[in-house]
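[1] Sharing a model prediction with you, sequence too.
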Amino acid sequence: MSVLRFEGVTKRYEGGHVALDNVNFDLAKGEMAFLTGHSGAGKSTLLKLIHLAERPSRGSVFFNGTNLLKVKGRKIAFHRRAVSVVFQDHRLLTDRTIADNVALPLLLRGMRRPEVNRRVSEILERVGLGARQRALPGQLSAGEQQRVGIARAIVSEPDLLVADEPTGNLDPTLSAEIMSLFASLPDRGTTVLIASHDLGLVRRMRRRVLVLNHGQLADDIAAEDLAE
Ligand SMILES: Nc1ncnc2c1ncn2[C@@H]1O[C@H](COP(=O)(O)OP(=O)(O)OP(=O)(O)O)[C@@H](O)[C@H]1O
């Protein structure tokens, strides 16, 4: 069964602008795909439908077989535990340490402190920030802050991770590092969808690419069909 399924999804914003136009695709468990397209093509809108920041005007989005139209009220919080989001501006709490920022999603779901501390240390080691746990976000570089944002998104082992231009502000070396970190997630069962307009980077990753053009899914390129 697919983790994510878009079925005839159209999104028309108030004022009449059609941001997505009859979009259909599936993502299988453990798959990693990129979402690309020109500025204004609809990438952020598509991701917003997945984490319920927006609702479709027509069609349906299914997550693990559940139509997201049925996810309302208190169920939204549960949905957001299964789907983690990485934003370009990472949205860290500036007055909390790195470790506290990463611990938050686990504490919110009632996990006990010793287990939280163990998991936070482990994930910060994995993103190369094991020695910076007590630092505040403002004491880290942009790339390090982005890695904290990713650590916070993956610490709860989500079924699906979506990222909106996660390497937007980073230099090429850091971007490649962050992408390898994402690429390691499917091995642990997390499905990954990343919006990026950095075509060079996307091609180098050799994963499936969904291409949006003026709200329509113009192309769906399998990893093995990406040219050298
Ligand atoms: N809240 C909104 N109300 C009205 N129109 C919107 C709204 N949000 C986005 N749009 C419009 O919908 C279209 C798609 O926007 P979206 O942000 O999804 O594109 P994008 O592919 O992510 O672009 P970028 O790469 O520039 O971030 C754009 O034309 C945008 O102006």
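    Okay, I see it. Numbers count the residues shown, from 1 in each chain.
[2] who are the neighbours in contact with the nearest residue to residue 177 once chain neighbours are set aside?
    Distances taken as Cβ to Cβ, 6 or more residues apart in numbering place residue 143 nearest to residue 177, at 7.6 Å, with adjacent residues excluded. No exception for glycine: its C-beta is placed from N, CA and C like everyone else's. Residues near residue 143 by Cβ atoms under 8 Å, 6 or more residues apart in numbering: 170-171, 174, 177-178.
[3] For this structure, which segments are assigned as helices?
    Counting by DSSP state H, the chain has these helices, from start to end: 43-50, 75-82, 98-108, 113-126, 142-154, 172-183, 199-205.
[4] Off-centre distance for the third one?
    A distance of 18 Å separates the centroid of the chain from that of helix 98-108, by Cα atoms, centre = their mean, to the nearest Å.
[5] Show me which residues of that helix are buried.
    For helix 98-108, the neighbour count (16 or more other Cβ atoms under 10 Å) marks 98-106 as buried.
[6] Return the closest of the residues you listed with respect to residue 70.
    Within those, the smallest distance to residue 70 is 23.6 Å, found for residue 105 (Cβ to Cβ).
[7] So for that closest one, what pLDDT did the model give?
    Listed pLDDT for residue 105 reads 90.
[8] How about it, nearest residue that isn't a chain neighbour?
    Closest to residue 105 by Cβ to Cβ, 6+ apart is residue 156, at 4.8 Å.
[9] Select, out of the helices of the chain, the one closest to the ligand.
    helix 43-50 (3.3 Å; Cβ to the nearest ligand atom).
[10] And the average pLDDT for that closest one is what?
    97.
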